[in-house]
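Trainee: all I have is the shape, not the residue letters:
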């Protein structure tokens, strides 16, 4: 019976020691958890302060840029208004000059540029066709489209015409490329 009693006491002692050890481990882990939570809270607060200061700085910049854009818009509008007035005056002067000009002189002037325009159209088309003929034959469809667009831009720059005018000329002479 003595052995049973000693075994029971040892068993109770082992259970008590395990309980105390588990309780201490729990207290230690809670202490680490609380310390980590406190540090995370401090870090979070500092990050929030930085974010708030950045938002305020961004809001200030937005106001500055909006003011700058408003001032520039006003300056450009006044420039555009003055240019519109200049265009109106020039247009009125042109209309007055047309009214004074003789109809016969106007007829001669319009017939001469028409023939010149036709020869100019032919020069433009010849240049365009020559540049198109110089393209390599092994281009993919995409590369061919890009090259043709470059040829169009080059032609319009060389002859000082717009892309729309070049398109009209190509349509007039039934060019599909």
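Mentor: Everything's here; your move. Predicted model only: the values in this text are computed from it and were never measured. Numbering: from 1, shown residues only.
Trainee: contact partners of the helix or strand encompassing residue 142?
Mentor: Assessed by DSSP states H and E, residue 142 sits inside helix 141-158. Helix 141-158 is contacted from outside by 124, 127, 128, 131, 132, 135, 139, 162, 163, 165, 166, 177, using CB atoms under 8 Å, 6 or more residues apart in numbering. Just so you know, the C-beta spots here come from the backbone N, C-alpha and C atoms, and that holds for glycine as well.
Trainee: now these in TSV, with distance to residue 45 and neighbour count?
Mentor: Shown next, in TSV, are the contacts of helix 141-158 (distance: CB to CB, whole Å; neighbours: other CB atoms under 10 Å):
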residue	distance to residue 45	neighbour count
124	72	20
127	72	15
128	70	24
131	68	17
132	69	16
135	67	15
139	63	13
162	62	9
163	61	13
165	67	14
166	66	21
177	68	11
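Trainee: pick the one among those closest to residue 23.
Mentor: residue 139 (82.3 Å; CB to CB).
Trainee: how many neighbours does the closest residue to the closest one other than its chain neighbours have?
Mentor: Nearest non-adjacent residue to residue 139, counting by CB to CB, 6 or more residues apart in numbering: residue 147, 6.4 Å away. For residue 147, the count of nearby residues is 16 (other CB atoms under 10 Å).
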